[in-house]
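Visitor: Sequence and predicted model, in that order:
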Amino acid sequence: MDSATLLRLWISLAATICLILVHSTPANSDVVQNRNPTAYDVIEHYDLPIGLLPIGVKGYKLNYTTGKFSAYLNDTCTFSEGLHKLKYKSTIKGYLSKGKMSKVEGISLRFFLTWMNIVEILGRGKYIDFYVEGGKAGFPMDHFEDSPPCSMNVARKLMENP
């Protein structure tokens, strides 16, 4: 191989590597480019409504490679959605992908008189489904357009502020 052919081969290889790197930029690069994205920004980026998280998230962690997500609240809280209640622990965990949060920990749904742990949240068009062990509950997506205010544990409030 002469030096001109070798040079063309190296240039072609370098161009191919550059194209691969440009196209392998993480799908969430717009979240990464925002210097201080909030947990709500992250949820929205994954095509989930921000109302999945209550008002008052004080911080979060996100592994951009695996989608592992944790959000931190000051305390546990609950809020009502129609006939159902949702309860959040002070740490909410799961794995985010487009329109979905799987392996959810820290969110429970009261169905009649029983609290059930939500294991997956799936957005499907105009609806969002909360999967619990053995079933699911669906809600219109627009019910979660805004983050709900939480009613904190009343007993704890009384203990802190007698």
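Guide: That came through, no problem.
Visitor: Can you list the strands that the longest strand anywhere in the chain pairs with?
Guide: Here the longest strand in the chain is taken by residue count, with DSSP state E as the criterion, and it is strand 84-97. If you go by DSSP bridges, strand 84-97 pairs up with strand 68-72 (antiparallel), strand 77-81 (antiparallel), strand 100-111 (antiparallel).
Visitor: Starting from I92, give me the distance back to the closest residue to W115 other than its chain neighbours.
Guide: Nearest in space to W115, with sequence neighbours left out and distances taken as C-beta to C-beta, 6 or more residues apart in numbering, is S108 at 4.7 Å. (C-beta placed from N, C-alpha, C; glycine too.) Here the criterion is C-beta to C-beta, to the nearest Å. By it, S108 lies 11 Å from I92.
Visitor: which one of the strands paired with strand 84-97 has the lowest average pLDDT?
Guide: Of all the strands paired with strand 84-97, the minimum mean pLDDT falls on strand 77-81 (a mean of 81).
Visitor: So what touches it?
Guide: 54, 56, 85-88, 139, 143, 148-153 (C-beta atoms under 8 Å, 6 or more residues apart in numbering).
Visitor: So what sits opposite M116 in the bridge?
Guide: Under the criterion DSSP bridges, M116 forms beta bridges with L109.
Visitor: Check the gap between Y131 and S102 for me.
Guide: To S102, Y131 is 9 Å away according to C-beta to C-beta.
Visitor: follow-up on the earlier one: neighbour-wise, which of S108 and I92 wins?
Guide: Residue environment comparison for S108 versus I92 gives the larger neighbour count to I92, 23 against 20, counting by other C-beta atoms under 10 Å.
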